[in-house]
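>>> structure for this input, please:
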Amino acid sequence: MDYIKKLWRFIIPYKKYAYLNIFFNILYALFGTLGFVALIPMLDVLFENKEVITAEPVFNGIANIKDYVFDYLNFYMNSTYGDDKQSALNFMAIIIIGIFLLKSITGYFSGYFLVPLRSGVLKDIRDELYDKTIHLPISYFSEKRKGDTISRIVADVGEIQNSLLAMLELIVREPFTILFALGSMLAISGKLTLFVFIFIPISGFIISRIGKVLKKRSDKVMKEQGIFLSILDETLSGLTVLKGFNAQQFFNNRFKNSTTRFKNHLTNLLRRQILASPTSEFLGIVTIAVLLVYGGHLVLVEKVIDGSDFIGYIGLAYGILTPAKKISKASYKVKAGNASADRVLEVLNMQSSLEDKENAIEKVSFDNIISFKNISFKYEDNYVLKNFSLDIPKGKTIALVGQSGSGKSTIANLITRFYDVNEGTIEIDGISIKDLTKESLRDLMGLVTQKSILFNDTIKNNIKLSHTKASDQDVFDAARVANAYDFIQEQPEGFNTNIGDGGGKLSGGQQQRIAIARAVLKNSPIMILDEATSALDTESEKMVQVALENMMKNRTSIVIAHRLSTIQNADLIVVMQKGEIVEQGNHQELIAKNGTYKKLVDMQSL
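A predicted model of the protein is given here:
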């Protein structure tokens, strides 16, 4: 039941299907039992075990319902068919066929109503897991493997779907089948049923001992699957580098080692699962054998039970074996599903440190100034920014320069609130960005990164990502500003050309200009350019630089630059070193100071 509690909120929208499934499962179990019970009067007719009842029997309470039902059948067949035993047998055969037909129909409907429950829960968990994934902070994914996240969305949710079916069998169909069968067996013979009551707890204890470590092993299987999916993702993402350095064998070995561990964990898991069925079957056959010996004694020696009742009883007892076997199998699936549910819920219950405040402000405009006030920040143990302070007035272009690791890109991550500062505050128009909704904060900003992130879609849809309701004319205008319109028109299908995975069908400069067009279309008052030209050749850089200058007109811009030639016209250049500001001023002022900036310029000029 703990497993159902974990998933209950996903089941609630489909509870009507769950109730219908339970209802038809109960009927399925009932008709399954009645099918075996109906054999007893048929055997009575066949072997003439019971004396003929000529008077209509009287109902004497629920305790005597078995005798009343069988006596009434005896009376009905005698009064209807008399000595015509063949017709009586035909009648009983029709009843039995009808009962098993009803069992089949109710079995179908129980499965029919289970389908929308399973598929609906599967969809909702995947949707919520995906939604949670894209809203978790960037810091979460710097600690987790992408393959593990994919494994949770695909494999773990699939395991939950399979185990949900098993769970409903475990708590409804098979227990009710056993319950109805035991009730009928108890009505036939209390002494014989005592053996069955002894068998069930012993069988359950043995099976539970076999499956004690199943959840742990299932968790290992899922974790290892996440590892080799991560290796696969890294391989496909870095295929050029992998081939260029002849590192195929290295990655091949990593992948094979992971799949070998996966195979070993899965082998142990499946072997333990497979053990459940023969174990429960063997224990059932032992019980049947004991029942045959003891029941035969009651029939032949003590003569306290009729032969037809005993055969029907054995049929009911044997009928318990199948649901008992299914329960043992289902318990294994539920344990495996429980491990998967824990892995999924771990993500769903993850609390983001970047959640909006309860009364967060929706800011729709940038009016005055951006202020960094004594901010300090560290990713792990060492601070990458220390007591950093800077004011960026509206309409100005501020350039951040310095060596790699000086904290330039961290500024972009902090102002967009991909991370939160450890100390100090970042304010826009005097309001801390922690007091703003993340959505409204990021609506104020356009972002162009060093690596242009494009998606396997058309050029138009990649540009419209920043403004999905934009018209085609808006897209064309943005492309012109980004100096991209001409090369786009030369593509096979123009703006409707698919650019492949990661924009792989385009050159680096073309990719970057599409990324700039995307930022232009967003038309945000604040632009953040994180080394937007550093990965380009000289010719592409010039084209992209023109596009950037077009985009920055009449906007407030924060330019993080590696190539100093691109920021000479900035209103303010801030030189950073080891997370601190060492110099600031315009290009001419910094050259005149003959300090760190001058050294960087001289090195690049050389």
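>>> helix, strand or coil for residue 569?
Taken by DSSP: H, G, I helix; E, B strand; the rest coil, the conformation at residue 569 corresponds to coil.
>>> got it, and the one 4 residues further on?
For residue 573, the assignment made with three-state DSSP gives strand.
>>> contacting residues for it?
Residue 573 is in contact with 398, 399, 401, 567, 584, 585, 586, 587, 590, 597, counting by C-beta atoms under 8 Å, 6 or more residues apart in numbering. The C-beta positions use only the backbone N, C-alpha and C, and glycine is treated the same way.
>>> got the CA positions of the host helix or strand of the fifth one in CSV?
In this case it means residue 584. In the assignment (DSSP states H and E), residue 584 maps to strand 580-585. Extracted in CSV, the C-alpha atoms of strand 580-585 (Å, rounded to 0.1, in the frame of the first residue of the first chain):
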residue,chain,number,x,y,z
GLU,A,580,37.7,41.0,-8.5
ILE,A,581,37.7,44.3,-10.5
VAL,A,582,41.3,45.4,-11.1
GLU,A,583,40.6,48.2,-13.6
GLN,A,584,37.7,50.0,-15.2
GLY,A,585,37.3,52.8,-17.8
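>>> pLDDT score assigned to residue 383?
pLDDT, residue 383: 86.
>>> hang on, it packs against residue 376?
Yes - contact between residue 383 and residue 376 holds when scored by C-beta atoms under 8 Å: they sit 5.6 Å apart.
>>> anything in contact with each of these two?
Both residue 383 and residue 376 are in contact with residue 422, where contact means C-beta under 8 Å, 6+ apart.
>>> output the contacting helices and strands for the helix or strand hosting residue 177.
Using DSSP H and E, residue 177 sits within helix 174-188. Contact analysis of helix 174-188 by 3 or more C-beta pairs under 8 Å, 6 or more residues apart in numbering; DSSP states H and E lists helix 15-37, helix 65-81, helix 190-210, helix 307-348 as its packing neighbours.
>>> ok, residues contacting the strand or helix carrying residue 5?
In the assignment (DSSP H and E), residue 5 maps to helix 2-11. Outside helix 2-11, the residues within contact range by C-beta under 8 Å, 6+ apart are 18, 117, 121, 124-125, 128, 160, 163-164, 167, 171, 334, 337-338, 341-342, 345.
>>> and for residue 380, the neighbour number?
The criterion is other C-beta atoms under 10 Å. On that basis, residue 380 has 7 neighbouring residues.
>>> kindly report the same for residue 345.
For residue 345, the neighbour count with other C-beta under 10 Å is 17.
>>> let me know the pLDDT of it.
84.
>>> same deal with residue 77?
Looking at residue 77, its pLDDT is 67.
>>> returning to what we had before: buried residues, the helix holding residue 177. List them.
Buried positions in helix 174-188, judged by neighbour count with 16 or more other C-beta atoms under 10 Å: 174-182, 184-185, 187-188.
>>> my guess is residue 474 contacts residue 522. True?
No - judged on C-beta under 8 Å, residue 474 makes no contact with residue 522 at a distance of 10.6 Å.
>>> quick one: contacts for the spatially most central residue of the chain?
In the chain, the residue lying closest to the centroid (C-alpha atoms, centre = their mean) is residue 153, at 2.9 Å. By C-beta under 8 Å, 6+ apart, the contact list for residue 153 reads 126, 129, 130, 133.
>>> just the buried residues of those residues.
The neighbour-count test (16+ other C-beta under 10 Å) marks 126, 129, 133 as buried among those.
>>> ok, back up a step: of the contacts of residue 153, closest to residue 495?
Nearest to residue 495 among these, counting by C-beta to C-beta, is residue 130 at 28.2 Å.
>>> and the pLDDT at that closest one?
Confidence at residue 130, expressed as pLDDT, is 87.
>>> which SS state does the closest residue to it other than its chain neighbours fall under?
Spatially, and ignoring its direct neighbours in sequence, residue 130 is nearest to residue 153 (6.4 Å; C-beta to C-beta, 6 or more residues apart in numbering). Following three-state DSSP, we place residue 153 in the helix state.
>>> how close does residue 153 sit to residue 126?
6 Å (C-beta to C-beta, to the nearest Å).
>>> among the contacts of residue 153, which lie within helices?
Of the contacts of residue 153, the ones assigned to helices by DSSP state H are 126, 129, 130, 133.
>>> state the distance from the third one to residue 136.
As for residue 130, its distance to residue 136 is 11 Å (criterion: C-beta to C-beta).
>>> swap in the second one?
For residue 129, the distance to residue 136 (C-beta to C-beta) stands at 11 Å.
>>> show me where pLDDT drops low in the stretch 201-350 of the chain?
201-217, 237-245, 273, 276-277, 280-281, 284, 325, 328-329, 332 (pLDDT under 70).
>>> need the strands for the stretch 301-450 of the chain, in chain order.
369-378, 383-393, 397-402, 423-428, 431-432, 445-448 (DSSP state E, counting those that start in this stretch).
>>> pull up the pairing partners for the fourth one, direction included.
If I follow you right, that is strand 423-428. Partners of strand 423-428 in the sheet, by DSSP bridges, are strand 369-378 (antiparallel), strand 431-432 (antiparallel).
>>> and the helix holding residue 177, how far from the chain's centre?
39 Å (C-alpha atoms, centre = their mean, to the nearest Å).
>>> quick one: work out the angle between that helix and helix 307-348.
Helix 174-188 runs at 160 degrees relative to helix 307-348, counting by axes from the mean of the first three to the mean of the last three C-alpha atoms, to 10 degrees.
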